[in-house]
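[1] Curious how this folds, go ahead:
(one chain, ligands or ions: 1)
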Amino acid sequence: MITVPFHHDSHVVRGFLQFSRAAAALICAVALVVLAGWCWNWPRLTTVWPGQAAMTANAAIGFVLSGSSLLLSRHASPRWSGLGRWLSLLVLAIGEATLVEYLWPTDLGIDHLFGGLPAHGSGPWPGRMAEPVAAGFVLLGGLGLLLPVRRWLYLREGLAVGLLAIAMSGLASYGIALAGKDDMLFGRMPIHTMLLLLLATLGWLSATPTLGLTRVATADTLGGALARRLLLPALLLPGVFAFVFELLQSWLGLSETLASVFMTLFSGGAVAGLVWWAANLFDKLERQRRESMLLRNDADTDILTGLANRRALDEALAGLLHSQREHDRMFSLLMLDLDRFKTFNDEFGHLAGDQVLRITGHLLRAALRPSDLAARYGGEEFVLLLPETDLAGASEVAMRILDAFRTFEWPHRLVTISIGVAQSANGDAAENLIRRADAALYDAKHAGCDQIVVVAAVAPPGAARAGA
Ligand SMILES: Nc1nc2c(ncn2[C@@H]2O[C@H](COP(=O)(O)OP(=O)(O)OP(=O)(O)O)[C@@H](O)[C@H]2O)c(=O)[nH]1
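    Take a look at the predicted model:
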């Protein structure tokens, strides 16, 4: 079975790598602003807007480290990319130490990482990030550490999926809080922390665009186009749904039943919208594919006879010679020429001659299997390629064609055809094979036309020829 290699769209791959770098820079920038807010006791810089949960200093430190690690991860120098992995190890350590402090009443000093913090953070420990955020940093650190290890690709993708789940559930619960309800699933997960977690996950995934989960998104196929257009909207949907659901109840005062009805409509509409979008894309790409097939067919077809043209013949012949060399699959080549066609043209005119050529196209096609190829070689000369057909089989086909010409009710007078048959030999070049078939055709013409001459596959000089 032939396996078609996975092709990536190089523009998209470059775009993913640029996105990864831009995401890393943005993460560092936002986290540094938050850290500045904590440093200079300016709470406004630690929240998205006043009254909202602040990003903890530890989370900001984690993001600076993870963003820097992402920036360094693809550095050409092993020293810098190695430093990137050390930074990821620190990210993992921050997340893990926080989780340990949650689980056991012990002070690892993680809450005082950034000196004595002022008490304007949310929760009992101003410096301590929420549990899911801490778990997020453990996964984020793991992503960075595993980046160069291809063997553990699946584990890395597992960590990324875990991170996406944390970021999306955080965004969904934030959607609920935003709509007026105070029961956020993860009480102290600020929106910018969630967004940076999401951005960091996508940034790490995009750092290896041709591997794992992102592989299909960079493919130059229909699947790739679909993934690029639909994955991000699908990731953001839970947050939007949660927001709309709570909005319907809190702000518009709808009962839970009515809000659920609207939500069902809304989610049904969203799914239908995505399907419609995908269907449009399928439609567009399929039409493009058909157009390019038509163009390709035009480029390969002789307009008058509808048979393959010289270009297509050369390509097919090269393919058959290749498979003869590689897999020892022989084939036969038939060279055909209409008899005394010049006199036909002279007597009945060029248009009548054209009609004969068109009919010839029909008769040849009708005599062949779908796997055979009939081509117009030029003027009133034709070539047939019969894969995996020996001389006996090829002679049968040639005989069938002679009979078809003899029995067809031609418009002006009987038109006959002469045929030279040759079989491919190992190591044959296209010119040699055509020359042998042409020589056989020449013999058929000289023997009186309307006949077949078969030449042996391996043709030593002066090989015996048999007339039919
Ligand atoms: N109507 C028409 N005639 C063509 C076309 N291409 C080539 N011809 C004619 O085909 C004729 C070929 O003539 P010759 O090469 O002398 O061959 P022939 O008359 O068939 O003689 P033999 O092959 O020896 O039987 C010429 O008159 C060409 O003008 C075409 O596309 N349409």
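
[2] Tell me how many other residues surround residue 131.
    Residue 131 has 17 neighbours, counted by other CB atoms under 10 Å. C-beta: built from backbone N, CA, C; applies to glycine.

[3] wouldn't it be in contact with residue 102 here?
    Yes - contact criterion CB atoms under 8 Å: residue 131 and residue 102 qualify, at 5.6 Å.

[4] Sort out which residues of stretch 25-37 are buried, please.
    Residues of stretch 25-37 classed as buried: 26-28, 30-32, 34-35, 37 (neighbour count, 16 or more other CB atoms under 10 Å).

[5] Just the element for residue 363, please.
    Using DSSP states H and E, residue 363 falls within helix 350-367.

[6] Correction: the previous question concerned residue 422.
    Short version, using DSSP H and E: residue 422 is in strand 417-423.

[7] what helices or strands is that strand leaning on?
    Other elements packing on strand 417-423 under the criterion 3 or more CB pairs under 8 Å, 6 or more residues apart in numbering; DSSP states H and E are strand 331-338, helix 391-407, helix 430-446, strand 452-455.

[8] could I get those as CSV with mean neighbour count and mean pLDDT?
    Formatted as CSV, these follow (neighbours: other CB atoms under 10 Å; pLDDT from 0 to 100):
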stretch, mean neighbour count, mean pLDDT
strand 331-338, 25, 97
helix 391-407, 17, 96
helix 430-446, 19, 95
strand 452-455, 24, 94
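
[9] Could you tell me the phi and psi values at residue 345?
    When read as degrees, to the nearest 10, the backbone of residue 345 gives phi -60, psi -40.

[10] Read off the pLDDT value for it.
    Here, the pLDDT recorded for residue 345 equals 94.

[11] so it makes contact with residue 353?
    Yes - using CB under 8 Å, residue 345 is in contact with residue 353, at 4.2 Å.

[12] These two: which has the busier surroundings?
    residue 353 (19 against 16).

[13] Quick one: residues contacting that one.
    Neighbouring residues of residue 353 by CB atoms under 8 Å, 6 or more residues apart in numbering: 341, 344-345.

[14] and of the residues you listed, the nearest to residue 424?
    Checking the contacts of residue 353 against residue 424 with CB to CB, the nearest one is residue 341 at 28.0 Å.

[15] Can you report how many residues lie near the closest one?
    By other CB under 10 Å, 18 other residues sit near residue 341.

[16] Equivalent analysis for residue 85, please.
    Neighbourhood size, residue 85 [other CB under 10 Å]: 17.

[17] Tell me how far it lies from residue 381.
    Here residue 85 is placed at a distance of 68 Å from residue 381 (CB to CB, to the nearest Å).

[18] What of residue 168?
    Counting by CB to CB, the gap from residue 168 to residue 381 is 68 Å.

[19] Tell me which residue in this protein sits closest to the ligand.
    Residue nearest to the ligand within the chain (CB to the nearest ligand atom): residue 353, separated by 2.6 Å.

[20] Which residues does the one helix or strand residue 317 maps to contact?
    Secondary structure from DSSP H and E places residue 317 in helix 310-327. For helix 310-327, the surrounding residues in contact (CB under 8 Å, 6+ apart) are 299-301, 308, 329-331, 333, 373, 375-378, 383, 385, 387, 424, 426-430, 433.

[21] swap the cut-off to 10 Å and go again
    Applying CB atoms under 10 Å, 6 or more residues apart in numbering, the contact partners of helix 310-327 are 296-297, 299-302, 307-308, 329-333, 372-378, 382-388, 424-430, 433-434.
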